[in-house]
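Q: coordinates for the following, if possible.
(2 chains)
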Number of protein chains: 2
Amino acid sequence: MRQVYVAGAAMTRFAKQPERSTKDLVREAVGGALADAGCAAADVQACHFGNAVSASITGQEMLLGQFALRPLGLGEIAVFNVENACASASTALHLAWQAVAAGVYDVVLAVGAEKMTHDDKARSFAAIGGSVDVDDVPADLPADRSFLMDLYAQASLRYMAESGATREDLARVVVKNQRHGMLNPASQYGAEISVEDVLSAREIVWPFTLPMCSPISDGAAAVVLVGPDRRVRSRAVPVLASVVRTAPVDGHERVTALAGAAAYDMAGLGPEDLDCLEVHDAAASAELLIYEQLGLAKQGDGPALIRDGTTCLGGRVPVNTGGGLLARGHPIGATGLGQVVEAVMQLRGTAGRRQVPAPRVALTHNAGGWHGEDNVVSAVHLFGRP
Amino acid sequence: MRQVYVAGAAMTRFAKQPERSTKDLVREAVGGALADAGCAAADVQACHFGNAVSASITGQEMLLGQFALRPLGLGEIAVFNVENACASASTALHLAWQAVAAGVYDVVLAVGAEKMTHDDKARSFAAIGGSVDVDDVPADLPADRSFLMDLYAQASLRYMAESGATREDLARVVVKNQRHGMLNPASQYGAEISVEDVLSAREIVWPFTLPMCSPISDGAAAVVLVGPDRRVRSRAVPVLASVVRTAPVDGHERVTALAGAAAYDMAGLGPEDLDCLEVHDAAASAELLIYEQLGLAKQGDGPALIRDGTTCLGGRVPVNTGGGLLARGHPIGATGLGQVVEAVMQLRGTAGRRQVPAPRVALTHNAGGWHGEDNVVSAVHLFGRP
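A: Numbering: from 1, shown residues only, chains lettered A, B, ... in the order given. Have a look, this model is predicted:
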C-alpha cells in the first residue's frame, strides 16, 4: 500500500442551519478542501460521499453525492454514496484512502454532509433511529429525543457501575468540550460552564442532561486525498492508518477496541504515541469509555483522565480539542470528516487558540449505530505531522 | 491491478414477496453465493452492500448491511453500505472488485438487496422518485407510477423521433424479454405474449403500456469475488472490466456510452466480442438506446436488432437472456448483481434452456437515476469464460 496524504481539508460551521441546503453546505466544504489542496475540480478522479439521513429529512435518496457535486463541475468520475450511520464520513474517508493507497487513483475526494434539522423535530429523532436494527426498535419511539440516546444512557449506567464514574465525571467531559468548542469558530456551541450548570440542566434520559447529549446539527466537511506523487504541498498530512470494523457477532470484544488495535498495528504505534484525539462523544459517557477502549487508560480508569485534566487542552493528551460532538456538533454523516479537519489543523499547527504544542500524531475515532451493548461500526484513523 | 474472479454467485427469485424480510432474502442470496464459491463466512474479509430504498420502505437507514449479515455470522469485517439508485448493486460490485484487484483483500462479498413492495403502492413509487434530484421533482408526484417512468417516456419519445423506432419495436423488446423470462426460474414474470398483447395493455404514460415498464420487485443477489491466489475452482469467472461513471456535467456525452467505452478499453475488447449481455431495460425503449450506446448498433440502428432477431435467444448476440428488468424484475438495489448471476451462469454453461452456445464474453450494464436527459450513473462490467 502506498503512503496517502490529506492535501486539503475544510468544513462548514456545524450548527442548526435550516436556511441552507445540502448543496450549499457541500459547495462550501468541497470548495474549501480543493482550494486548500491547490486542486481544481478536474483533478479529482473519484469521490466517496458520506451521508446518513438525507432520505428521511429531505427525501433525497440514493444519489445525493452526484446531485451535490454536479453544480461544482464534478461529473463523469465515479461517485460512491456511502452510509454507515454516524460513521458515514469516516467510512467515505476509508474507502477513498484505500483507493489511493492501492494505487487505483491519485486524487480522491471524501465528503460528509448532513442536514438534520427539520421543522418537525420528531422527524429528526426518528431518522437517527434508523441507525438501530429496525426489528429491535420499540413501536413507540420517544418523540423528544433520539432513541439512540436511550441506548447510550443504558451503556452509561453499566459503565458507571463498573468504573465508579459519577455524573460529575460526565459533566466534566461536557465542561471540557464546551470550553474547547469556544475556541473553534466552526463549532456549533462553546461556553464556559460549570459542572453544576451541566447537572442542573434539563434531564433528557437518566443519567443524561441536555448538554451531555450531542445536538441536532447541519454541516459538511471534505478532504482531498493524494498519493505520494501528488504530494506537492508541504502542508500535506500523512495518513498513518485507516481502519473500519463491524462489531463481532458474539459481542465479546468492543468494536472500538478492535478498530483501535488494528489502527495502532497498521501504523506501528501505540496509545502512548498520541498527542491529540478527536473521539465520538455522542454522549458524555462515551468519551470516558473510548479512553479505555483506545488504550489511553486501563479498564475502569477512564474517569481519572477527566478528573486530573490529562485530556483537557494543556493536559498530556488533549481530547476533542475542536469541541467534540457535544460542542462542535454532530451532523451525523459529516462528523467523521469534521474530526479529520481538526486533526489536520492541529498537525499543521494552524489551530490557533486551541493549538496543541507541536503534535506528531493525531487520532480520530468515529462510531456508528447500535446493536446489543455496543456500536455497530467503528472507524479509527491516525495522522502524522506534515 | 490483479485479476479478479467471481468464485460464487446466487440470487433469490425476483418477485413481489411482501411476506419475506430483507434479512431473509439476504440469507438466501449470500448463503447461496458462499456455498457456490466453497467459502465459509469466516473467509470473507469485507463486504460492499448495495441498497437503494430501504429507508423509505422499511425505515432501516444506514446500516442495513451489518444488520442483514450479522445473523449469518458475518461480524468484525468492514461493511460498506453503498447507494447509487438502480445501480447500487453494481456499484457494490465495482468497489469489491477494486479492493480485490488492488490487492487489499482476497475474498470480498458484494450484495444487493431490495424490498420495494409496500402496502401503500404510492410509497413504493415515491421512494423510487428519490433517484431524481429532489429540487427537480414536481410537487405532485404521480401516485400510480414511478416518476422515473415519466422521464423514461420523454426520452423514449425523443429516441423514437430520432431513430424511427415505433411502439411496435418497444413491444418487440417486451415480447423477447418475457419469452426469455419464461425460461428463468428466478424471474418475476415470463410469458409467451404478442406485440398486440403488449400494445393493447393498460397505458401507464405514453408511449408506454404496463408491460413496457419494469415492475416493483423484492429480491437479493450476491457474489463472492476472489483474487488470483484464491481461484480454487474451475468454475471461477474472470472479471475483465469494471467501470462506474457519472453523467458529464455538460450532458454532451451519454453516461452509458462513456462507461461502455471505458470498459472495452480496460478489457481490450469491443462490442464485436460480446456473446451475450444483460442491460438495464428499466423501460422497453431503454434497451434499444443501450444497443446503440454500447456499440452493438450505430446511432439510430437500435430498432433493427430487435426487428431481425439479433438480440433474441438464438440470435447473434442475445440480450437479457435472464428476462431483463422487464421480466426478471427490478428490485432496484439488487438488479445489478442479478444481471451478474445471469452472466455467470451463461459463461459457465449452466443456464439450461436459455443457454447461449459457448459464450466467451458477457457484458452487464446497470444504470441509475435521472438528470436532464440521461441517467446519472452507469456501471458496465465484462466477464470471461471460466
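Q: does the residue most central in space within chain A count as helix, strand or coil?
A: Residue closest to the mean C-alpha point of chain A, counted by Cα atoms, centre = their mean, is residue A:336 at 3.1 Å. Following DSSP: H, G, I helix; E, B strand; the rest coil, we place residue A:336 in the helix state.
Q: quick one: pLDDT of it?
A: Note on residue A:336: pLDDT of 98.
Q: right, and it touches residue A:90 too?
A: Yes - the pair formed by residue A:336 and residue A:90 meets the contact definition of Cβ atoms under 8 Å, at 3.0 Å. Where C-beta positions appear, they are placed from N, C-alpha and C, glycine not excepted.
Q: now do the shared contacts for these two.
A: Listed as contacting both residue A:336 and residue A:90 by Cβ atoms under 8 Å, 6 or more residues apart in numbering or on different chains are A:50, A:112, A:364, A:366, A:379.
Q: partners of the third one in the sheet?
A: According to DSSP bridges, the partner residues bridging residue A:364 are residue A:278, residue A:381.
Q: burial check on it, number of neighbours?
A: Per other Cβ atoms under 10 Å in any protein chain shown, the neighbour tally for residue A:364 reads 28.
Q: which ones are touching it?
A: Contacts for residue A:364 (Cβ under 8 Å, 6+ apart) come out as A:90, A:277-279, A:336, A:339-340, A:342-343, A:379-381, A:383.
Q: residue A:47 looks like it's in a helix, true?
A: No - applying three-state DSSP, one finds residue A:47 to be strand, outside a helix.
Q: any idea how far it is from residue A:115?
A: To residue A:115, residue A:47 is 19 Å away according to Cβ to Cβ, to the nearest Å.
Q: neighbour count: these two, which is higher?
A: Counted by other Cβ under 10 Å, residue A:47 and residue A:115 do not tie: residue A:115 has more neighbours, with 28 against 24.
Q: what's near enough to touch the residue in the stretch 151-300 of chain A that chain B sits nearest to?
A: Chain B sits closest to residue A:249 of the stretch 151-300 of chain A, with a gap of 3.7 Å, by Cβ to the nearest Cβ. Applying Cβ under 8 Å, 6+ apart, we find residue A:249 in contact with B:70, B:73, B:74, B:75, B:76.
Q: any quick PyMOL command for the buried ones out of those?
A: Those of these that count as buried under 16 or more other Cβ atoms under 10 Å in any protein chain shown are selected in PyMOL with:
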select buried, chain B and resi 70+74+75+76
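Q: out of the contacts of residue A:249, which is nearest to residue B:137?
A: Using Cβ to Cβ, the shortest approach to residue B:137 within the contacts of residue A:249 belongs to residue B:70, at 34.9 Å.
Q: name the nearest residue to that closest one, sequence neighbours excluded.
A: Once flanking residues are discounted, residue B:70 sits nearest to residue A:249: 5.8 Å by Cβ to Cβ, 6 or more residues apart in numbering or on different chains.
Q: wait, residue A:131 sits on residue B:62?
A: Yes - the criterion here is Cβ under 8 Å, and residue A:131 meets it with residue B:62 at 4.9 Å.
Q: next step: the shared contacts of residue A:336 and residue A:90 restricted to helices.
A: In helices, judged by DSSP state H, none of those are found.
Q: using ChimeraX, define a selection of the buried residues within those.
A: Listed next is the ChimeraX selection for buried residues among these, using 16+ other Cβ under 10 Å:
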select /A:50,112,364,366,379
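Q: could you work out the most separated pair of the shared contacts of residue A:336 and residue A:90?
A: Maximum pairwise distance among the shared contacts of residue A:336 and residue A:90 (Cβ to Cβ): 13.6 Å, between A:50 and A:364.
Q: shared neighbours, these two?
A: Shared contacts of residue A:50 and residue A:364 (Cβ under 8 Å, 6+ apart): A:90, A:336.
Q: who in the stretch 101-250 of chain A is up against chain B?
A: A:101-104, A:127, A:129-131, A:133-135, A:137, A:244-250 (Cβ under 8 Å from any Cβ of the partner chain).
Q: now, of the residues you listed, which are buried?
A: Buried subset of those (neighbour count, 16+ other Cβ under 10 Å): A:101-102, A:104, A:127, A:129-131, A:133-134, A:244-249.
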